[in-house]
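Undergrad: predicted structure and sequence below. I'll ask about it afterward.
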Amino acid sequence: MTLLENLWYGNVHPVEEFLEGNKEYKNLLRIAAKDQERLNDALSPEQAELFEKYESAVKEMHAAAEVEAFSYGFRLGVKLMIEAGEILTKSDV
């Protein structure tokens with residue numbers, strides 16, 4: 001099966017794969033979870049609800065940014081491949 005077919009059938013998970021071995025990301029995630037727990041313990045119920053709404057909005061914002069970054073990176077990669085092909089074609093002549 002080709003990479004494109006694997007992507008189509010959901011066998012390729014770019015977000016999971018590029019973060020899989022990232023120690024810095026895992027450390028930051030651990031710190032954020034610990035700080036979030038401490039913050040939630042210190043907030044009143046009303047403040048906790050507001051903070052939950054804030055977190056939800058930030059997560060949606062990050063998800064939208066990730067989609068755009070992936071899309072931009074893909075388009076840039078395709079443009080680079082096209083340009084490389086044009087350079088190779090010119091050098092073959």
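TA: That came in fine, so what should we check first?
Undergrad: now Lys59, what are its backbone angles?
TA: phi -60, psi -40 (degrees, to the nearest 10).
Undergrad: gap between it and Glu66?
TA: 11 Å (CB to CB, to the nearest Å). In this view, the C-beta of every residue, glycine as well, is placed from N, C-alpha and C.
Undergrad: for the helix or strand harbouring Asp41, buried residues please.
TA: Using DSSP states H and E, Asp41 sits in helix 23-42. Buried positions in helix 23-42, judged by neighbour count with 16 or more other CB atoms under 10 Å: none.
Undergrad: can you give me the mean pLDDT across it?
TA: What helix 23-42 shows for mean pLDDT is 93.
Undergrad: repeat for stretch 86-93
TA: 81.
Undergrad: can you check stretch 53-65 too?
TA: 95.
Undergrad: now do it: distance to the chain's middle.
TA: Offset of stretch 53-65 from its chain centre (CA atoms, centre = their mean, to the nearest Å): 12 Å.
Undergrad: stretch 20-28 now?
TA: 13 Å.
Undergrad: what's in contact with it?
TA: Leu19 (CB atoms under 8 Å, 6 or more residues apart in numbering).
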